[in-house]
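>>> quick check, what structure comes out for this input:
(one chain, ligands or ions: 1)
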Amino acid sequence: MPDYSIGVDMGGTNLRIAAISTDGQLLEKITLGVKVAMGRDYVIGEMCDAIHRLTEQYRGTGRFVGAGIGVPGIIDMERGMMRKSANLPGWSDYPVRDEIERRLGAKVFLDNDANVAALGEKWLGAGRDADNMAMITLGTGIGGAIVLNGKVFYGMSGMAGEFGHVTVVPDGVPCGCGNRGCAERYASATAVVRMAREAIESGQAPELAKAASSDAEFSAKSIYNLAIQGDAAAQRIFERFGEVLGILLADLVNILDLDMFVIGGGVVSAWDAFAPRMFSELRERSLVYAASAPDDAMIKKGASAQIANYTKKKTIITQALLGSDAGLYGAARIPASQ
Ligand SMILES: [Zn+2]
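Reported below is the predicted structural model:
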């Protein structure tokens, strides 16, 4: 039995914890109905109790090497604390890492959720053969991470890879970050719903209006369903989504020239609605991609064909493979790789 570590995903809707062996086998996964918003002390208590249960259970089968925790926010890596965030009142200026370390009596690492998802995909997912990769996570916003030679590139302040707040429309929609026209205002679940509501208000989207009034949970998924059924207004929204994502990717490919760009997060399931426009935009705008794009036939064969093609020095842009488990694997990878 190999050594194992614990990966924790502190998501918006629940708290997930997994015991994963250092060779990448999932031993056990626990989902607790605990949200970060339920308060710091409660969440830390429930998390540590669950981790204790797992380490008791696997005691004697292998050595517990520590825990990695993916957190939805910006981390002060040196102090193991969260930086101030409107979404996480009570979590900043508190020694989260040290407190959990004290309770577990083991090494604990905090990292941003986008970074741990990228580490998971690098370890066992789409990026496993790529030396250098970036990951774009499409969810309520856009998360980003850059992994160079297997390690997250943090930048000076730990904030590298904020792809969601790259300006794509100079005079665009205001963003919570203080800027206007950020990528995540056009290419995220929140953005899809906003664009749909605007289309409804303009009176140009009767099917969307009907769906919005009958569907209590009018979401990016309902709008995607209309798009694949052929509704022109819903399709225009995903065209805009793809256009903006293509612009963002063109910039990233030109600047970074990485082997692979992995696109994950819940909204990646709308791939067939936004990807054609994303790729056409990318081809048009990126000199580096024009020189390194795989041929169209390869792109159409999907993720695995593209990964197989990777050794021929092509820029691979592909969907993530691990889904919502990427963050669990990536978080567990941090203590395992120290
Ligand atoms: Zn922004």
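>>> SS state for the residue of the stretch 201-338 of the chain found nearest the ion?
Residue nearest to the ion within the stretch 201-338 of the chain (C-beta to the ion): Leu248, separated by 12.3 Å. For the C-beta atoms, the positions are set from N, CA and C on the backbone; glycine is no exception. Taking DSSP: H, G, I helix; E, B strand; the rest coil as the rule, one finds Leu248 in the helix state.
>>> that one touches Ala187, doesn't it?
Yes: contact criterion C-beta atoms under 8 Å: Leu248 and Ala187 qualify, at 7.2 Å.
>>> excluding chain neighbours, what is closest to the residue of the stretch 201-338 of the chain closest to the ion?
Ala183 (4.7 Å; C-beta to C-beta, 6 or more residues apart in numbering).
>>> ok, that neighbour - contacts?
Ile142, Phe163, Gly164, His165, Val166, Thr167, Val168, Val244, Leu245, Ile247, Leu248 (C-beta atoms under 8 Å, 6 or more residues apart in numbering).
>>> okay, helices next: where are they in the stretch 201-338 of the chain?
Assigned by DSSP state H, counting those that start in this stretch, the stretch 201-338 of the chain shows helices spanning 206-214, 220-228, 232-256, 271-285, 287-292, 296-300, 303-308, 326-336.
>>> go through those helices and pick out the most buried.
Comparing the helices of the stretch 201-338 of the chain by mean neighbour count (mean count of other C-beta atoms under 10 Å), helix 326-336 comes out on top with a mean of 28.
>>> name the helices or strands packed onto it?
strand 4-10, strand 15-21, strand 26-32, strand 64-71, strand 108-112, helix 113-124 (3 or more C-beta pairs under 8 Å, 6 or more residues apart in numbering; DSSP states H and E).
>>> in a markdown table: these, plus distance to Leu252.
Formatted as a markdown table, the helices and strands packed on helix 326-336 follow (distance: least, C-beta to C-beta, whole Å):
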| stretch | distance to Leu252 |
| --- | --- |
| strand 4-10 | 25 |
| strand 15-21 | 29 |
| strand 26-32 | 31 |
| strand 64-71 | 22 |
| strand 108-112 | 18 |
| helix 113-124 | 13 |
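>>> reformat those as a markdown table; add distance to Val152, mean pLDDT and mean neighbour count.
Below are those laid out as a markdown table (distance: least, C-beta to C-beta, whole Å; pLDDT from 0 to 100; neighbours: other C-beta atoms under 10 Å):
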| stretch | distance to Val152 | mean pLDDT | mean neighbour count |
| --- | --- | --- | --- |
| strand 4-10 | 15 | 96 | 28 |
| strand 15-21 | 18 | 96 | 23 |
| strand 26-32 | 22 | 95 | 15 |
| strand 64-71 | 12 | 96 | 25 |
| strand 108-112 | 7 | 95 | 24 |
| helix 113-124 | 5 | 97 | 28 |
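>>> how about the ones you listed, which one is nearest the ion?
Distance to the ion, taken as C-beta to the ion, is lowest for helix 113-124 among those, at 14.4 Å.
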